[in-house]
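Enquirer: give me coordinates for this.
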Amino acid sequence: MHENEIAKLILDCAFKIHKEVGPGLLESVYEELLAYELLKIGLSVKRQVAIPLVYESIKMEIGFRADLIVENKVIVELKSIEAILDVHKKIFLTYLKLSGLKLGLLINFRVSLLKDGIVRIVNKLDA
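Expert: Numbers count the residues shown, from 1 in each chain. Now for the predicted structure:
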């Protein structure tokens, strides 16, 4: 399955959750619910995955933790904050580069309309 197909399924589940429980809960709640919904439709999901950082001759076992990695192809970073800033997008692009993955979804659940809280970040993704 291509990254874009996976992303559509992730977003379908995110919209369902936002409609059911609404905005403003803890990020960990949305992580639990989204993982549950994705597993329910048969996708593989890893939670709180440690991604190493290699810098010259130094290897750190944990450079960051990915909230969710779906089908080993798409990183999902979940937020429940006032607004997604440009720095959040740049940090997330760094996460994609470190992981070697090509597509990420930054989803902020603390919005009235979920579509306003979704940012798609790409790292050398082929259409």
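
Enquirer: how about the residue nearest to the spatial centre of the chain, secondary structure?
Expert: Centroid-nearest residue in the chain: Val76, 0.9 Å away (criterion: C-alpha atoms, centre = their mean). Assigned by DSSP: H, G, I helix; E, B strand; the rest coil, the conformation of Val76 is strand.

Enquirer: I figured it hits Asn108, correct?
Expert: No. With contact defined as C-beta atoms under 8 Å, Val76 does not reach Asn108; the gap is 11.8 Å. For the C-beta atoms, the positions are set from N, CA and C on the backbone; glycine is no exception.

Enquirer: just for this structure, where's the confidence low?
Expert: For the chain, applying pLDDT under 70 flags the ranges 125-127.

Enquirer: neighbours of Ile62, just the number please.
Expert: Using other C-beta atoms under 10 Å, the number of residues around Ile62 comes to 10.

Enquirer: what helix or strand does it sit in?
Expert: strand 58-70 (DSSP states H and E).

Enquirer: return the set of buried residues in that strand.
Expert: By neighbour count with 16 or more other C-beta atoms under 10 Å, strand 58-70 contains the buried residues 63-64, 66-70.
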